[in-house]
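[1] quick check, what structure comes out for this input:
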Amino acid sequence: MEQPHAASAPQRTVGDFAREVGQGISSAFVLVAMMLPLGLIAFAPLGGYAVEAGLRAAFAAAIFGTLTAFVLSGALLPNEVPRASSVFLFAAFVLRLAADSELRASPSQGVVEILFLAALCLALTGVIQIAFGFLRLGNIARFVPYPVVAGLMTGLAISLVLYELPEVLGTHGGGGEGGGEGGGHAVVNGWAILVAVVTIVTFVLVRRRWPRSPSKLIGLAAGTAVATVIAVLGHGDVGPRVPSLGKLPLPDALSPLISGDGVALALAFGTDLLVTALAIAVVGSLDSLLAAVGEADGPLDTAHHPNRLLVALGCGNLVSSLFGGVPVAYSSHHAITTHHAGGFKLVSSIATTVTMVLLLRYGGPLLHLIPIAALSAMMLVIAVGLIDRWAGTTIDRLRRGQYDSELLVNIALVLLVALVTIAFGLVAAVVTGLILSMGLFLAVMNRSLIRSVQTGATRGSRRVYPPEQASYLRVEGQRITVLELDGAIFFGTADRLAFEALRAAHGTEYLIVDLRRVTMIDASGALMLNKLQRLLREQNVTMLLAYVSPTSRLGRALQGAGVFVQRHHPEWFEDTDRALEYAERRILTAAHIASDEKELAIEDFALFKRLTPDELRFMKPFLDRQLFAAHAALYHDGQQGERLYLLARGAVSIVAEDPQARGKPRRVVTLAPGVIFGESAMIEGGTRSATAVADTEVVTYSLSRANLEAIHQRNPELARRLLLNMLGHLSGLLRMTTSLVRDASEAVD
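    The predicted structure is shown next:
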């Protein structure tokens, strides 16, 4: 599944192994702090039996499911652990079963039946994930739109908060072993609230001050310490505590399948089983793939194989189901935390697993100190944690009043799926999400995404370079690739676009992504572009985005997804032409042949080609040398054209009003030193058809119409040669204009 890129590992000492064993033991306690709340979340609807069932499920998943996934995947670290996203879906299924009146009427009040159906659902989840892997569908989960997943998680999180608040307030009946200490509470328990508040506040403070520390474990330890002080010194009642288990779970959770009653029960809930298993498989796969490939591969220098990861997760869930466990998924947070602490694959994994077995078998007195109120508080923290970076930036965009159609559609999807989840349950929410996904997929797949692929050898910028630079760019143009897109960058096209872009960028140094015809970018597409930029950078390719700015619709969509959030965007450009010029100038600068800062002498201009030294000396009094500051206008559209200009230093852009956006200037061409401009209006005696603006500080020589007539009167032959040179220059401009029209024209169907 994941392979280190490093070549050969250095020789390990006894001290290294000792540190890794210590890290493995520490990881076990961190996992306990993560798992216990999730186990209780999964089986909370079982009432008095919830604590014991949840603890057994958490340990079963962590020990047997994680170990299986680790062995099969060849992971660098034991990172397949219970995750909130898939456990919440699992808990919603258990809640649906607990509300069934027929199950509640059974002799066990539905507990035995629910545990069996939950295990069967998890087994089906594992089978589906294994099938995904063998069918090489490692990217199938990415075809679920991110707002649909966010809505599903938001609805489940709200449901969890509503359910766990009474436990935090001390008003739940609670129970399990040790319930005698807590009993049932009909009124608010102030001590339980204090324990919960201390747990949450400690977690928040530790997470902000030391982001890499095991904040959940520290928060749980703080809550437990406060509960112990209250019970010992104040003799206060903080509610029920974690029961002692004392033995390993047995692989008998699916044993009812060998009986007719068990098969009949499975068939009776067949639809719920299949829908929930599919939902957990897709969401768990999505969560794991994004965590492994998108979050862990960079920091850990690893390369995951998505299909192998899914097979390993499926086998882990299948084994976890035999022991009555909860779903497991890949945790990048646990992977990175363990890696930074010096953990190694084999030693840390064995130490973690052995420690957890010892905790389960002999750690009952230690676990019994943990109050359920502290675990419930940690559940609330986990629920809030599902509001991820994308949702947070979406709320921030709302607060700032940055409304657009893409934002409103995303919010509508999140709210709709969340409300359906809360009101009608998981099955209805999954069906709604699938319908919305298919509708969105069909709505935006009516146009192809890749419109054209060009290189700098066939498409140059509108900057006119001196002959030496122009020749060099024609030879080195293959180092620039322009990828023109047409359509929507969303969950259904993001992966294909990434593949096409990486292929198009092979052998280039600059990849320009033209977004002019992109209709929308959703959260999945934005995350893909951010990841694509990182992958290209690793291949020494610079990605430039054209037709995007921080205030444009597409720019807001990218930033609204929580990516490209830096203040300045030097690799964003108002159009493809500016991006091309940026890449061309970088190439010229690297070759040390850019000459904008060098002032040309008059003999270097094409207008004075083949003039003798005496003729050049004759010309000098008729030329006016002028200095213009950056952004100054040399002349304006509509002015009388009385002189032509020779650009000796700097760069000048000829701009005109954009016909598609009145009042906004559009660059026609940018001129480099050695270029003649403004000659048409001067020869005709008419008005300027565009405006000339200095991009930088520039130096020009100008020749007025009156001085040209004076030259003609004093030296007709020299005036004739000047006009011939001017006509040659105009011919070159005509060829360039033809090329620009060809590049901007539409294809004929």
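[2] shaky segments in the stretch 251-400 of the chain?
    Within the stretch 251-400 of the chain, the segments meeting pLDDT under 70 span 287, 289-305, 330-346, 348-349, 385-397, 399-400.
[3] quick one: the helices in it, in order.
    Counting by DSSP state H, counting those that start in this stretch, one finds helices in the stretch 251-400 of the chain at the ranges 260-268, 270-289, 297-300, 306-322, 332-340, 345-362, 364-367, 372-385, 389-399.
[4] any chance of the ones you listed in JSON lines, plus mean neighbour count?
    In short, each C-beta sits where N, CA and C put it, glycine included. Shown next, in JSON lines, are the helices of the stretch 251-400 of the chain (neighbours: other Cβ atoms under 10 Å):
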{"stretch": "helix 260-268", "mean neighbour count": "13"}
{"stretch": "helix 270-289", "mean neighbour count": "22"}
{"stretch": "helix 297-300", "mean neighbour count": "17"}
{"stretch": "helix 306-322", "mean neighbour count": "26"}
{"stretch": "helix 332-340", "mean neighbour count": "21"}
{"stretch": "helix 345-362", "mean neighbour count": "19"}
{"stretch": "helix 364-367", "mean neighbour count": "14"}
{"stretch": "helix 372-385", "mean neighbour count": "25"}
{"stretch": "helix 389-399", "mean neighbour count": "16"}
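[5] assign a three-state SS to Val548, would you?
    Local secondary structure at Val548 is given as coil here, using DSSP: H, G, I helix; E, B strand; the rest coil.
[6] can I get the helices of the stretch 251-400 of the chain in CSV with distance to Glu468?
    Listed next are the helices of the stretch 251-400 of the chain as CSV, based on distance: least, Cβ to Cβ, whole Å:
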stretch, distance to Glu468
helix 260-268, 79
helix 270-289, 50
helix 297-300, 41
helix 306-322, 49
helix 332-340, 51
helix 345-362, 57
helix 364-367, 77
helix 372-385, 59
helix 389-399, 48
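[7] do you know which of those lies nearest Glu657?
    For the helices of the stretch 251-400 of the chain, the distance to Glu657 is smallest for helix 389-399, at 31.8 Å, taking Cβ to Cβ.
[8] so what's the nearest residue to Ala681 once chain neighbours are set aside up against?
    Leaving aside its chain neighbours, Ala681 sits nearest to Gly641 (2.3 Å; criterion: Cβ to Cβ, 6 or more residues apart in numbering). Counting by Cβ atoms under 8 Å, 6 or more residues apart in numbering, Gly641 touches 635, 678, 680-682, 684-688.
[9] at 6 Å instead, please
    Contact partners of Gly641, counting by Cβ atoms under 6 Å, 6 or more residues apart in numbering, are 681-682, 686, 688.
[10] picking that back up, out of the helices of the stretch 251-400 of the chain, nearest to Phe608?
    Of the helices of the stretch 251-400 of the chain, nearest to Phe608 by Cβ to Cβ is helix 297-300, at 56.9 Å.
[11] which residues touch the longest strand belonging to the chain?
    Secondary structure of the chain per DSSP state E: the longest strand is strand 510-521. Residues external to strand 510-521 that are found in contact with it (Cβ under 6 Å, 6+ apart): 406, 480-486, 488-489, 505, 541-548, 554, 557, 576, 579, 583.
[12] so which of the contacts of Gly641 comes closest to Gly562?
    Ranking the contacts of Gly641 by separation from Gly562, with Cβ to Cβ as the measure, puts Arg688 on top at 46.9 Å.
[13] from what I can see the closest one touches Ala681, true?
    Yes: counting by Cβ atoms under 6 Å, Arg688 touches Ala681, with 5.3 Å between them.
[14] among the helices of the stretch 251-400 of the chain, which is nearest Ala221?
    Each of the helices of the stretch 251-400 of the chain was scored for nearness to Ala221 using Cβ to Cβ, and the closest is helix 372-385 (9.0 Å).
[15] so which elements touch that closest one?
    helix 14-43, helix 146-169, helix 190-209, helix 215-233 (3 or more Cβ pairs under 6 Å, 6 or more residues apart in numbering; DSSP states H and E).
[16] so the following helix or strand past the longest one versus helix 345-362, what angle?
    Spelled out, it's helix 14-43. Per DSSP states H and E, the first helix or strand lying C-terminal to helix 14-43 is helix 50-60. Angle of helix 50-60 versus helix 345-362, following axes from the mean of the first three to the mean of the last three Cα atoms, to 10 degrees, is 150 degrees.
[17] list the contacts for the spatially closest residue to Ser159 that is not a sequence neighbour?
    Leaving aside its sequence neighbours, Ser159 sits nearest to Ile422 (Cβ to Cβ, 6+ apart; 5.8 Å). By Cβ under 6 Å, 6+ apart, the residues touching Ile422 are 155, 158-159.
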